[in-house]
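Trainee: here is a sequence together with a model predicted from it:
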Amino acid sequence: MANIIKPPCDEGVILSGGAVVGCRPAQRRWILAATILASSMAFIDGTAVNVALPFLQQSLGATAIGVQWVIEGYSLFLSALLLVGGSLGDHSGRRKIFLAGVTIFALASVGCGLAGSVGQLILARAIQGIGGALLVPGSLSIISASFAVEERGKAIGTWSGFSAITTALGPVVGGWLIENVSWRAVFFINLPLALAVIIISLCCVPESRDREAAGALDWWGAILATAGLGGLVYGLVESPSMGFRARPVILALSLGVVALVAFLIYESRTPRPMLPLNLFRSRNFSGANLLTLLLYAALSSVLFFLPLNLIQVQNYSATAAGAAFLPFILIMFLLSRWAGGLVDRFGPRMALVVGPLICAAGYGAFMLPGIGGSHSGRYNWSGFNWSGSYWTTFFPAIVILGVGMAISVAPLTTTVMTSVSEAHAGIASGINNAVSRTAGLLAIAVLGIVMLQTFARGFEPGLAAIDIPAPARAQLIMQEVRLAGIELPAELSAAQKSQIETVIGVSFVRGFRLVSLIGAALAAAGGLAAGLMIQPGKGKGNGSRS
């Protein structure tokens, strides 16, 4: 306990660019521990909440659109404010802003756990996004400021690997809590992690900042980014229920486009932009962020619908659904440090081409399972056995995707951080994290439309072939926006319910396959972009630095 309260730490020497030198090896280990635990809060929250979606949908009576907003409300503010979070850390002190983010995130997690309606939950999730926008870029910028360039690849690889293994506990523990306590308990997982991060950071993490930073922060840029992303997301998410011709949808989409154009114009002219466009003069920085956009658009959209598929269609329990993705996390843990070291030895381009192509194969494998663990085109629910069917259906896809992401993530992060100077570490981290979150934000909104329309095209003809009363048919069609969470009318017979459940399952799987196909195309495009844009050569600062 004494070592925790008063560890062998010193403040080091802060250079003009914000880097810290003089940190002892023991101190650097504590710095890694704090940043890993803090990042794990955000990662655990994401994976555990995805497993909880079917249950909170049922508990709160939410539609698929409401469930989307539980994810999108968090992602919107996280994406829009990450750039401000990175700049704020460089400007005011990385540890200070990092701790503020951890505190806000923890308090908002309590609000999520106590939410009494979908609206309250979405609001608390939005506040979580604000906290995440401060803590997520702070994690990597603190690492970059505390480790020398030649050690940074392995440090980031260690961060990636241990963040992955702690994230593995999220869906498994979350699934167990959902089954044995409540979906609300999922949000309280963050509290002990937050407490540990605060204690370690106060004792061990030295303060650092960009000594050249001066003047006011780019709040106008933040407002324009939030308005732009918010308008686009609102228009896209609400369009399935309102229709693209509805006035609120047209106004929201128009506002989004205009605000984002204004954001880019403003950022190109303001003296202290939150998005310094000159950073994109580095081919490595531009290529890495384009790959991030495509790779995380695919990952976010598939992982959003996968728990719904496993729990509502494949009939997995919450714990089984959480454990189903465990191989992905373990592979990330085992291979991330190795993959980070590859950048130091061989440079990033090979890994950033091969990794996304393997991911594309993984998404393709997600298209194979039917319902009830079947590969066949004739779906039925009989003979379902999770322990047998999982290993031949979802397990191969998860393993392939895990290998691809493990090869990609650490080299991708290292490439971003080494393509700019140490003075811009915070903003570089903020940009890359904002790109990944924005990719997920927009992909879930767009592919949510794809899923809803594909589901409807399969569900309505399939329902028409079943002999049920007209009022029951109308009630079911009105619930299409609930996707596989449709509640069956009580007056139907067991045989009728079984037929409808089969139609629902087939329709959902049809939409999931299309989402997976689009994910494969996005990942492959990302690998192609990396091959064309990332410069060859060894790491350690390859590529132009701004």
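Mentor: Right, received. Where do you want to start?

Trainee: which of the helices or strands spans residue 362?
Mentor: Using DSSP states H and E, residue 362 sits in helix 349-365.

Trainee: I'd like the average pLDDT over that helix.
Mentor: What helix 349-365 shows for mean pLDDT is 94.

Trainee: before we move on, what about stretch 290-297?
Mentor: Computed over stretch 290-297, the average pLDDT equals 94.

Trainee: got it, and stretch 463-481?
Mentor: On average, stretch 463-481 scores 88.

Trainee: ok, now stretch 529-546?
Mentor: So the average pLDDT for stretch 529-546 ends up being 64.

Trainee: and residue 458, how far from residue 310?
Mentor: To residue 310, residue 458 is 19 Å away according to CB to CB, to the nearest Å. Using the backbone N, CA and C atoms, a C-beta is placed for each residue, glycine as well.

Trainee: when these two are compared, which one has more neighbours?
Mentor: Set residue 458 next to residue 310 and count neighbours by other CB atoms under 10 Å: residue 310 wins out with 24 against 17.

Trainee: which residues touch the more buried one?
Mentor: 316, 320, 321, 324, 394 (CB atoms under 8 Å, 6 or more residues apart in numbering).

Trainee: so what pLDDT did the residue nearest to the first one when sequence neighbours are not counted get?
Mentor: Put plainly, it is residue 316. Spatially, and ignoring its direct neighbours in sequence, residue 316 is nearest to residue 310 (4.3 Å; CB to CB, 6 or more residues apart in numbering). pLDDT recorded at residue 310 is 91.

Trainee: cool, residue 305 as well?
Mentor: 92.

Trainee: does it really touch residue 451, like I thought?
Mentor: Yes - counting by CB atoms under 8 Å, residue 451 is a contact partner of residue 305 at 6.4 Å.

Trainee: one step back: which of the contacts of residue 310 has the most neighbours?
Mentor: Neighbour max across the contacts of residue 310 (other CB under 10 Å) = residue 321, 28 neighbours.

Trainee: need the per-residue pLDDT for that one.
Mentor: At residue 321, pLDDT is 87.

Trainee: let me see the contact set for it.
Mentor: 51, 171, 175, 307, 310, 311 are the contacts of residue 321 under CB under 8 Å, 6+ apart.

Trainee: which residue packs closest to it, ignoring adjacent ones?
Mentor: residue 310 (4.3 Å).

Trainee: circling back: overlap in contacts, residue 305 and residue 451.
Mentor: 511, 512, 515.

Trainee: ok, so of those, who is nearest residue 78?
Mentor: residue 515 (22.0 Å; CB to CB).

Trainee: does that closest one touch residue 446 like I think?
Mentor: No - contact criterion CB under 8 Å: residue 515 and residue 446 do not qualify, at 10.1 Å.

Trainee: so these two - more neighbours on which side?
Mentor: Taking other CB under 10 Å, residue 515 and residue 446 do not tie; residue 515 has more neighbours (26 against 17).

Trainee: can you check the pLDDT for that one?
Mentor: pLDDT at residue 515 comes out at 96.

Trainee: helix, strand or coil for residue 368?
Mentor: Following DSSP: H, G, I helix; E, B strand; the rest coil, residue 368 is assigned to coil.

Trainee: that one: neighbouring residues, count only.
Mentor: For residue 368, using other CB under 10 Å, the count is 15.

Trainee: begin at 51 from now on, thanks
Mentor: Understood, numbering begins at 51; the last thing we discussed is residue 418.

Trainee: that one touches residue 443, doesn't it?
Mentor: Yes - at 6.8 Å, residue 418 counts as touching residue 443 under the criterion of CB under 8 Å.

Trainee: low-confidence ranges in the stretch 101-250 of the chain?
Mentor: Scanning the stretch 101-250 of the chain for pLDDT under 70 picks out 199-200, 210-211, 213-219.

Trainee: quick one: the helices in it, in order.
Mentor: Here the stretch 101-250 of the chain has its helices, by DSSP state H, counting those that start in this stretch, at 114-142, 144-164, 168-196, 199-230, 240-254.

Trainee: those: which one's closest to residue 269?
Mentor: helix 114-142 (7.5 Å).

Trainee: quick one: list the elements packing against that closest one.
Mentor: helix 75-110, helix 144-164, helix 168-196, helix 269-292, helix 475-514 (3 or more CB pairs under 8 Å, 6 or more residues apart in numbering; DSSP states H and E).

Trainee: could you list the domains of the chain?
Mentor: For the chain, the structural domains run 52-268+322-583, 269-321, going by automatic domain parsing.

Trainee: out of the ones you listed, deepest packed?
Mentor: domain 52-268+322-583 (a mean of 21; mean count of other CB atoms under 10 Å).

Trainee: just to revisit the earlier point, out of the helices and strands packed on helix 114-142, the one nearest residue 346 is which?
Mentor: Judging the helices and strands packed on helix 114-142 by CB to CB, what sits closest to residue 346 is helix 475-514, at 4.2 Å.

Trainee: list the contacts of the closest residue to residue 113 other than its chain neighbours.
Mentor: In space, and not counting its chain neighbours, residue 113 is closest to residue 531: 4.4 Å by CB to CB, 6+ apart. Taking CB under 8 Å, 6+ apart as the contact definition, residue 531 lies against 113, 114, 115, 290, 291, 502.

Trainee: do residue 89 as well
Mentor: Residue 89 touches 185, 186, 189, 209, 213, counting by CB under 8 Å, 6+ apart.

Trainee: the third one touches residue 87, doesn't it?
Mentor: The reference is to residue 189. No - applying CB under 8 Å, one finds residue 189 not in contact with residue 87, separated by 9.4 Å.

Trainee: follow-up on the earlier one: the helices of the stretch 101-250 of the chain into TSV, with extra columns for distance to residue 486?
Mentor: Below are those laid out as TSV (distance: least, CB to CB, whole Å):
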stretch	distance to residue 486
helix 114-142	9
helix 144-164	17
helix 168-196	10
helix 199-230	13
helix 240-254	20
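
Trainee: of these, which is nearest residue 470?
Mentor: helix 168-196 (9.3 Å).

Trainee: counting by contacts, list what that closest one packs against.
Mentor: Counting by 3+ CB pairs under 8 Å, 6+ apart, helix 168-196 packs on helix 75-110, helix 114-142, helix 144-164, helix 199-230, helix 444-468, helix 475-514.

Trainee: got JSON lines for those helices, with distance to residue 313 too?
Mentor: Converted to JSON lines, the helices and strands packed on helix 168-196 look like this (distance: least, CB to CB, whole Å):
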{"stretch": "helix 75-110", "distance to residue 313": "24"}
{"stretch": "helix 114-142", "distance to residue 313": "10"}
{"stretch": "helix 144-164", "distance to residue 313": "22"}
{"stretch": "helix 199-230", "distance to residue 313": "29"}
{"stretch": "helix 444-468", "distance to residue 313": "21"}
{"stretch": "helix 475-514", "distance to residue 313": "12"}
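
Trainee: which one, of these, ends up nearest to residue 243?
Mentor: Nearest of these (CB to CB): helix 75-110, 5.0 Å.

Trainee: what angle do that closest one and helix 240-254 make?
Mentor: Interaxial angle, helix 75-110 versus helix 240-254 (axes from the mean of the first three to the mean of the last three CA atoms, to 10 degrees): 160 degrees.

Trainee: for residue 442, give its distance to residue 175.
Mentor: Counting by CB to CB - residue 442 and residue 175 are separated by 36 Å.

Trainee: cool, residue 142 as well?
Mentor: When residue 142 is compared with residue 175 (using CB to CB), they lie 26 Å apart.
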